[in-house]
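*Asks:* requesting a structural model of the entry that follows:
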Amino acid sequence: MKKLIVNLLIILMLFIAYFLQSNFFNWFTIAGVMPNIFIICIVLIGLFGSKLMGVTYGIFLGFLLDYIFKNKIGITAISLGLVGLLAKLFDKNFSKDSRITVMLIVGAGTAFFEIVSYIASYIVFSTNFEILVFAKILIIEVIYNIILTVIIYPFIRKFGYFIENTYKENMILTRYF
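*Replies:* Numbering: from 1, shown residues only. Here you go, the predicted model:
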């Protein structure tokens, strides 16, 4: 029952992120670049959730976003799924108690997402490869996501440990032995 409540809260968080992304942050762009709140959400789920939780939510959310925004289905799903996997790898190697560590993980996840999406779009759609424009967008989005992570870090930490306590209650000591 507790896991169902956690999953419903995660879905509610993703809906709130969707409405913030599509409505609120359209007004607050820097050089035409918006933050990507979905990456922050998937990193949160990947860091604090169970083994495949970040990957599962990343793929599901990616397919949903591709369908809603009428992109070719698959690129965002694969990219967000890989971000969830990357967050799980960071969970095993880094402490999530530090605000700076979480900021760097979100920055790395954002850069990874954008690079994978750009390369996949270049391969699949044979778009123009403009490295300077891409670098500008990448730097602005990474900085924007890191700033948002600093602002919402208390929520990330509180909700993240709630997820972790629900899903990892039996495996507290097995991680270290």
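*Asks:* SS state for Pro35?
*Replies:* Counting by DSSP: H, G, I helix; E, B strand; the rest coil, the backbone at Pro35 sits in coil.
*Asks:* and the pLDDT at it?
*Replies:* You'll see Pro35 listed with a pLDDT of 88.
*Asks:* so which residues of the chain form helices?
*Replies:* 2-19, 37-48, 53-68, 75-93, 99-125, 131-167 (DSSP state H).
*Asks:* now those helices as a markdown table including distance to Phe28 and mean neighbour count?
*Replies:* Bear in mind the C-beta positions are built from the backbone N, C-alpha and C, glycine included. As requested, the helices of the chain are arranged in a markdown table below (distance: least, Cβ to Cβ, whole Å; neighbours: other Cβ atoms under 10 Å):
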| stretch | distance to Phe28 | mean neighbour count |
| --- | --- | --- |
| helix 2-19 | 14 | 14 |
| helix 37-48 | 12 | 27 |
| helix 53-68 | 20 | 20 |
| helix 75-93 | 22 | 21 |
| helix 99-125 | 17 | 17 |
| helix 131-167 | 9 | 16 |
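*Asks:* who's in contact with the residue positioned nearest the centre of the chain?
*Replies:* Nearest to the geometric centre of the chain sits Ile39, at 2.1 Å (Cα atoms, centre = their mean). Applying Cβ atoms under 8 Å, 6 or more residues apart in numbering to Ile39 gives the contacts 80, 83, 106, 109-110, 113, 145.
*Asks:* and the gap between it and Val142?
*Replies:* Here the distance between Ile39 and Val142 works out to 10 Å (Cβ to Cβ, to the nearest Å).
*Asks:* what's the answer for Leu148, then?
*Replies:* Counting by Cβ to Cβ, the gap from Leu148 to Val142 is 11 Å.
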